[in-house]
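**Q** have a look; sequence and predicted model below, questions after that.
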Amino acid sequence: PEHDPLDEEALRARVRARLDLVEEGDYFAVLGVTTAATPYEIKRAYLELRRSFEPGRVLTAATADLTTAVGTILEVLDEAYEILRDPNRRERYRRAIQAPPV
């Protein structure tokens with residue numbers, strides 16, 4: 001395929017935006033779901049994001065510098081899904097992030 005600098009810049013912007021959410025630390029925001037999301041919505045969001053950030057799909061020679069960022073995003077996506085897919089853990093997590101600071 002022909003090299004398209006606009007595609008590369010769009011990818012960089014997408015990685016930066018998701019990394020900002022990762023650094024925020026809110027698993028709901030990382031997956032792009034509300035705190036009232038159903039298990040189906042959580043799984044669908046996770047699978048779509050996991051697929052869209054798969055290194056084999058997004059990393060090329062021109063974007064190899066994003067390897068660490070993409071790895072971090074995937075790691076946090078996995079963590080978020082592990083917590084949010086279980087109703088009990090999701091509820092505890094939701095209460096913890098919504099609790100007023102002490």
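**A** Perfect, I can see it now.

**Q** what's the longest helix in this protein?
**A** As far as residue count goes, and with DSSP state H defining each element, the longest helix of the chain is helix 5-24.

**Q** and that helix, what's buried?
**A** Buried residues in helix 5-24, counting neighbours by 16 or more other CB atoms under 10 Å, are found at 11, 15, 18-19, 21-22. (Each C-beta comes from the backbone N, C-alpha and C, glycine too.)

**Q** and if you look at stretch 53-65?
**A** For stretch 53-65, using 16+ other CB under 10 Å, the buried residues are 53, 58-59, 63.

**Q** of the buried residues of helix 5-24, closest to Val33?
**A** Leu21 (11.7 Å; CB to CB).

**Q** that closest one and Ile73, how far apart?
**A** According to CB to CB, to the nearest Å, Leu21 and Ile73 sit 9 Å apart.

**Q** for Val22, same thing?
**A** With CB to CB as the criterion, Val22 and Ile73 are 6 Å apart.

**Q** export stretch 91-102 to PDB, keeping only CA atoms.
**A** Extracted C-alpha coordinates of stretch 91-102, given in PDB (Å, rounded to 0.1, in the frame of the first residue of the first chain):
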ATOM      1  CA  GLU A  91     -19.700  -2.100  41.300                       C
ATOM      2  CA  ARG A  92     -16.900  -1.900  43.900                       C
ATOM      3  CA  TYR A  93     -14.800   0.000  41.300                       C
ATOM      4  CA  ARG A  94     -17.600   2.300  40.400                       C
ATOM      5  CA  ARG A  95     -18.200   3.200  44.100                       C
ATOM      6  CA  ALA A  96     -14.500   3.700  44.700                       C
ATOM      7  CA  ILE A  97     -14.100   6.200  41.800                       C
ATOM      8  CA  GLN A  98     -17.300   8.100  42.700                       C
ATOM      9  CA  ALA A  99     -16.500   8.300  46.400                       C
ATOM     10  CA  PRO A 100     -15.700  11.800  47.700                       C
ATOM     11  CA  PRO A 101     -12.000  12.300  48.500                       C
ATOM     12  CA  VAL A 102     -11.200  11.900  52.200                       C
END
